[in-house]
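S.K.: Sequence unavailable; structure follows:
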């Protein structure tokens, strides 16, 4: 599906794709969204695009959107346009939506972000291809082509196109960059400023892809599960992160969840990353999002996210030495005589009475933490002293047998099951995060 505004860039893109349709095996349609801000001129744009589609024998979709928030037109229009294009593409069965961004748009985007304030991620500019919706990509075939070359080609063909007056409206930052800042850069500093800035975007994008590839194994260890309401992180794995790595991993999970990033400033990303590393909750992240700590899991939730259901926190039984999945904790629990993992807890096998139960704490529960010489302590108090926030204590994973708590996962075993010089058989307890788990679904 080809998104056509009627301007020279999108018209040239449509003509090029139409000329190549047989060679590339393309099935094309045309879409145009009226933003209802330019009156009759906008209606003429729509008629122009409809006539162009008809002349090429292509299906045509026309949509309409009206701005509702003064002062937010650029951002709101972009969001509405992409949402509408995604919906039409799905209805048409299109696997991609083509838009007419050029090398000049790339340079303008990089400059816009620099002026507004950005980091290395923002310097990467516009990607040539990215996901738009499930099964639909947004593609930019003209991203390496200059606007001047496109206009020259349209002039050679003698093909008409429309001019959007808002592209020159100085009320919009993007228009001022295009018509004021870039001409000054070209005149006073570098005649090839657009190409140089666009190249910066390409290089930053390449480094971004490399960084994401290098971080992928670490992200897989830290991110347990992601869905539309909740992101779960492995608390122990997160503790070893460096600050910049933590920021990147959090942002990766955030994007995977499909959450908007508009309210997340650089400071908020750093606060969230610091909480992830420290294993502590973080509030006031914008939009009501908060990080909560619970046992060996850190949970990032949006407002209104439903808590785990009773079915998701039902106790899990391990009848004999072996391994069992713990779906509600996105993990698996292992109890075996032979050592397997470096992080195993070791207990006296003869002091354990199978079955072992993996569950959450019960009201008023007490146990005897290792090192306290058998002195019993309220579990909620133990968790508090270990730095687990109140809201996370009820979800702390606990392994118990008929005699009570054996292990508070991620914290300490019970003193009653410790090994001694008289121990004949050791039992190794392990806890393995399961990135494919389903916490919160």
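M.R.: Everything's here; your move. Predicted model only: the values in this text are computed from it and were never measured. Numbers count the residues shown, from 1 in each chain.
S.K.: Which helix runs longest in the chain?
M.R.: If you go by DSSP state H, the chain has its longest helix at helix 193-222.
S.K.: Just list what that one packs against, helices and strands only.
M.R.: Applying 3 or more CB pairs under 8 Å, 6 or more residues apart in numbering; DSSP states H and E, we find helix 193-222 packed against helix 103-116, helix 120-123, helix 182-188, strand 230-234, helix 235-238, helix 243-257. Yep, even glycine has a C-beta here, placed from its N, CA and C like the rest.
S.K.: Of all the residues in that helix, which ones are buried?
M.R.: Buried residues in helix 193-222, counted by 16 or more other CB atoms under 10 Å: 193-194, 197-198, 200-202, 204-205, 208, 215, 218-219, 221-222.
S.K.: next one: stretch 232-246
M.R.: Using 16+ other CB under 10 Å as the test for burial, stretch 232-246 gives 232-238, 241, 245-246.
S.K.: Turn those into CSV, columns for distance to residue 326 and pLDDT.
M.R.: Listed next are the buried residues of stretch 232-246 as CSV, based on distance: CB to CB, whole Å; pLDDT from 0 to 100:
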residue, distance to residue 326, pLDDT
232, 12, 87
233, 16, 89
234, 13, 87
235, 15, 86
236, 15, 86
237, 17, 89
238, 19, 89
241, 24, 89
245, 27, 91
246, 25, 92
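S.K.: and the two most separated of the residues you listed?
M.R.: Using CB to CB, the buried residues of stretch 232-246 reach their maximum pairwise distance at 232 and 245, which is 18.1 Å.
S.K.: Which element is encountered next along the chain beyond the longest helix of the chain?
M.R.: Once the chain leaves helix 193-222, the next helix or strand it forms, by DSSP states H and E, is strand 223-226.
S.K.: Please name the strands paired to that next one in the sheet, noting orientation.
M.R.: Using DSSP bridges, the strands paired with strand 223-226 are strand 230-234 (antiparallel).
S.K.: and the strand it pairs with, how far from the chain's centre?
M.R.: The chain centroid and the centroid of strand 230-234 are separated by 12 Å under CA atoms, centre = their mean, to the nearest Å.
S.K.: quick one: that strand to helix 193-222, angle?
M.R.: Per axes from the mean of the first three to the mean of the last three CA atoms, to 10 degrees, the angle that strand 230-234 makes with helix 193-222 is 70 degrees.
S.K.: tilt between strand 230-234 and helix 243-257?
M.R.: Angle, strand 230-234 to helix 243-257, by the same axes, to 10 degrees: 140 degrees.
S.K.: from the buried residues of helix 193-222, which single one is nearest residue 401?
M.R.: Using CB to CB, residue 221 comes nearest to residue 401 of the buried residues of helix 193-222, at 29.7 Å.
S.K.: Give me the distance between that closest one and residue 106.
M.R.: Going from residue 221 to residue 106 by CB to CB, to the nearest Å gives 35 Å.
S.K.: So for this protein, the centremost residue is which one?
M.R.: The chain has residue 255 as the residue nearest its centroid, 1.2 Å off, counting by CA atoms, centre = their mean.
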